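Enquirer: Quick one, fold the following:
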Amino acid sequence: MAEPTVRVTTHAPAAFQPFVPANESRPEFTFRAVLIGALFGILFGAVTVYVGLRAGLTVAASIPISVLSISILRVLGRASILENNIVQTTGNAGQSIASGVIFTLPALIFLGFDREYSRIFALALFGGWLGVLFMIPLRRQLIVEEHGTLTYPEGTACADVLIAGERGGSFASRVFLGLGLGGLYTLFQNDNLFGLFPSTPKKDFDFGPQHLMKGASIRADVTPEYLGVGYIIGVRVAAVMLAGGVFSWLVLMPAISFFGSQLTTPLYPGTQLIKNMTPSELWGTYVRPMGAGAVACSGLITLLRTLPTIVSALRGTFASSKKGVGAAASANDARVRTEHDLPNSVVYGGSVLLVLIMTAFLYFKPVPGAQVGLLANLAAALLVIVFGFLFVTVSSRIVGIVGSSASPVSGMTIATLMATTAIFLVNGWTAPAFGALAITIGGVVCIAASNSGDVSQDLKTGFLIGATPWKQQLAVMVGVIVSVFSIGITLNAMNTGLESFRAMPKPVALNLASLPEGVQNKGQFARDHFTLQQGQDANAGTNIADAHKYVLLNAIGSNTLSDGKYLYNRQTGQIEVQWVQGIGSEKAAAPQGKLMATVINGILSQRLPWGLVLLGVALVILVELLGVRSLTFAVGAYLSIATTLAIFIGGVMRWMVDRAVARHKLRTASLRTADEVEASVTDNEPLTDLASDEISPGSLYASGLIAAGGIVGLLGVGVRLYESAFNRTIWRFSETNPLHRDPVAVVMFALLAFSLYYFARKPLETK
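Expert: Residues are numbered from 1 along each chain as shown. Sure, this is the predicted structure:
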């Protein structure tokens, strides 16, 4: 059914011999390797931002990059395994930096601040370099001395791929197949592009004269990236996420509609009558605050649950560091190629330089409204260094045990934010701008911890195949510099490309001279024109040419308006338009960013819809009592069911493939009973006969689907930006075409899912 691959074993450090001996020199840090890796860093960084903001999840990029690199360098000729390793090390930096960015920096939007490209670029760069610098002195202790203890699963799997590729194995065809079919599918599915059939088939419920189940809805974003993500995370995690979505969309929302249908005034934080709300409006107004409370509570529980692991990781690292000082020194003195790290002077000098640069950045480009003195900015930079070193150490060890996907980076970030905002609270820095300053500090720490975890995996791969450590460390730094360009651009592009302007259901009269608490006047609206969306159709709208007549208002924690941006017409004295940001909308919910904003607002301003937030907390306690890990459920409750249902279908495909492979193994292994084979099938142990599920045929095809959905989806965002900038529209299929029907979308998604099932069972070709 599938081919066997080489598995690198874990021996004691003294007995271990890498694939490429230390005394052998092969092409490694070449121009073409760094260039190809940098291009992959840009690509996968952008794709990770796109998929992560939409799905609330990220997937590792090192395996797909390695697979693609093997094929590309093989075509170019005279490929070296060490060159392929530099490609994946450089390219993987984009994914790791993007993960840290999307977990934190979208909180700036939820806190009411504009996205500044220079700020996003600087914070991503600071965090990325910090993660590399602090990992350098830890490499020998964690990667070498504890080789038999810390397995670094993704790093080991990546080494398997590189070694198999060096010996003639070929995996790239399956990735390219997913890219091709997924890209073609997305061109016609994405409503920003051709929109041949609906991108989100849905059914809103409202039965009979009693309006049974009104407010409930079933919908699915039939995208290839969600299908691929679901396959990779497995049916168990996907089912828990869907359970959260079912609770929100099929239990909570119809309950809100039922009990609120008789109200004659809006219920805070809503601004219109509940009986007039659509399911999407119910979700945005009432479910998201509850979901944010659930995610925040589950994040704190995760932090408390991992505290013993964090403490143990710190103790283990410091203990092994004391034992390994002499060994490290002698190894560097001996000048063994596979033991050459960047010198400690780079670590110390780079850390001091980062402190100075961060201090200058905070001082000369402060968050508007959070200007503090030079010493306070220096203290903030030192706080970043302290928390950064602490959580880089913790993250680098934890990922060696549980893998990067299970690393509690969000919990570490919450701890940083809680400590930072507590300091701000003591100093009386409670203005909204200081929330943005707190996320600045927490964002750098989160990016550093995220990057260090993936750097650890990359260094483990290098250790197993016999790479030169300092060349890998330098490659990561190059990857960080290159990828942050695309990450900031993608973040801003998604926020603008997915935004919408919607007419207020009922204009709100306000006096600009005496605005309600929590509402700020941001001055004249800067754009010349915008498109006022009609209904739920993103492609239908009215062009507003005299946009300068509006004043921009920003609401945070107001009892009059829901959080967000609004356009106020001076002539009528009313708020007439709501400006819905792309990040935070149903298409890019950014749950982790909302979590961070909730933690900050809860401590600094204490202005939250506490009734809904505490409902989310109670829900998490219930789920924990049932023995279910609450963070996955809470994320599912926060996200749209359109996201979780599509991801669940991918998980079902994974389950079906595992069952099919189990039956095949039963037919070919008569010594085992059916019950024994069935019992061996778990989410963590798919029966694919490969060294790990990251390099199974299905996971490679799913990776191609994810990349295709991200790349073509970003193309659609670019089209929207073009249309907005030049006030033009591209040709699309009309919604009156006979294929623009929900059943057609369901059938097309089912065919794409079947292709995943088929190619996941088809063995990889060997050479």
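
Enquirer: Distance-wise, check residue 149 relative to residue 550.
Expert: Per CB to CB, to the nearest Å, residue 149 is found 61 Å from residue 550. For glycine as for every other residue, the C-beta is placed from the backbone atoms N, C-alpha and C.

Enquirer: Look through this protein and tell me its longest strand.
Expert: Determined from DSSP state E, the single longest strand within the chain is strand 500-509.

Enquirer: Any stretches of the stretch 401-550 of the chain with poor pLDDT?
Expert: 401-408, 411, 534-541 (pLDDT under 70).

Enquirer: Would you map the helices across it?
Expert: In the stretch 401-550 of the chain, the helices defined using DSSP state H, counting those that start in this stretch lie at 409-427, 432-465, 469-497.

Enquirer: could you check the angle helix 409-427 makes with the second one?
Expert: Going by axes from the mean of the first three to the mean of the last three CA atoms, to 10 degrees, helix 432-465 is angled at 150 degrees with respect to helix 409-427.

Enquirer: picking up where we left off before, contacts for the longest strand of the chain, please.
Expert: Under the contact criterion CB atoms under 8 Å, 6 or more residues apart in numbering, strand 500-509 has outside partners 271-272, 276, 530-533, 538, 541, 544, 560-561, 566-567, 572-580, 585.

Enquirer: Which ChimeraX command selects the buried ones in the residues you listed?
Expert: Here is the ChimeraX selection string for the buried members of the contacts of strand 500-509, based on 16 or more other CB atoms under 10 Å:
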select :271,530,531,532,533,538,541,544,560,561,566,567,575,576,577,578,579,580,585
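
Enquirer: what about residue 376, distance to residue 353?
Expert: Following CB to CB, the distance that separates residue 376 from residue 353 is 20 Å.

Enquirer: Oops, could you answer that again for residue 449 instead?
Expert: Here residue 449 is placed at a distance of 20 Å from residue 353 (CB to CB).

Enquirer: Between those two, which has more neighbouring residues?
Expert: Here residue 449 and residue 353 are set side by side on neighbour count (other CB atoms under 10 Å), and the busier one is residue 449, at 35 against 13.

Enquirer: isn't residue 442 right up against residue 593?
Expert: No: taking CB atoms under 8 Å as the definition, residue 442 is not a contact partner of residue 593, at 11.1 Å.

Enquirer: of those two, who's got more company?
Expert: Neighbours were tallied for residue 442 and for residue 593 using other CB under 10 Å; the higher tally belongs to residue 442 (31 against 28).

Enquirer: which residues does that one contact?
Expert: Residues in contact with residue 442, defined by CB under 8 Å, 6+ apart, are 104, 413, 416-417, 420, 596.

Enquirer: now with 6 Å?
Expert: Residue 442 makes contacts with 104, 413, 416-417, as judged by CB atoms under 6 Å, 6 or more residues apart in numbering.

Enquirer: From residue 141, how far off is it?
Expert: Distance from residue 442 to residue 141, counting by CB to CB: 27 Å.

Enquirer: where in the stretch 551-700 of the chain is pLDDT low?
Expert: For the stretch 551-700 of the chain, applying pLDDT under 70 flags the ranges 607-608, 669-695.

Enquirer: the helices in the stretch 601-750 of the chain, which residues?
Expert: Along the stretch 601-750 of the chain, the stretches classed as helices by DSSP H, counting those that start in this stretch are 610-625, 630-638, 641-668, 674-679, 697-726, 742-761.

Enquirer: quick one, which of those helices is packed in tightest?
Expert: Using mean count of other CB atoms under 10 Å, the stretch among the helices of the stretch 601-750 of the chain with the greatest mean number of neighbours is helix 630-638 (a mean of 28).

Enquirer: Relative to the whole chain's centre, how far out is it?
Expert: Centroid separation between helix 630-638 and its chain, computed with CA atoms, centre = their mean, to the nearest Å, is 15 Å.

Enquirer: What helices and strands are in contact with that helix?
Expert: Packing contacts for helix 630-638, counted by 3 or more CB pairs under 6 Å, 6 or more residues apart in numbering; DSSP states H and E, involve helix 235-246, helix 288-334, helix 610-625.

Enquirer: one more time with 8 Å
Expert: If you count contacts as 3 or more CB pairs under 8 Å, 6 or more residues apart in numbering; DSSP states H and E, helix 630-638 packs onto helix 235-246, helix 288-334, helix 591-604, helix 610-625.

Enquirer: by how many degrees do the third one and helix 630-638 diverge?
Expert: Pointing back at helix 591-604 there. Here the directions of helix 591-604 and helix 630-638 differ by 100 degrees (the same axes, to 10 degrees).

Enquirer: Dump helix 591-604 to PDB, keeping only the CA atoms.
Expert: This file holds the C-alpha atoms of helix 591-604, laid out as PDB (Å, rounded to 0.1, in the frame of the first residue of the first chain):
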ATOM      1  CA  PRO A 591      -9.200  33.700  17.200                       C
ATOM      2  CA  GLN A 592      -5.700  33.900  18.900                       C
ATOM      3  CA  GLY A 593      -5.500  37.700  18.200                       C
ATOM      4  CA  LYS A 594      -9.000  38.100  19.700                       C
ATOM      5  CA  LEU A 595      -7.800  36.100  22.700                       C
ATOM      6  CA  MET A 596      -4.800  38.400  23.300                       C
ATOM      7  CA  ALA A 597      -7.000  41.500  22.900                       C
ATOM      8  CA  THR A 598      -9.500  40.100  25.400                       C
ATOM      9  CA  VAL A 599      -6.800  39.500  28.000                       C
ATOM     10  CA  ILE A 600      -5.400  43.000  27.600                       C
ATOM     11  CA  ASN A 601      -8.800  44.700  27.700                       C
ATOM     12  CA  GLY A 602      -9.900  42.600  30.700                       C
ATOM     13  CA  ILE A 603      -6.900  43.800  32.800                       C
ATOM     14  CA  LEU A 604      -6.300  47.300  31.600                       C
END
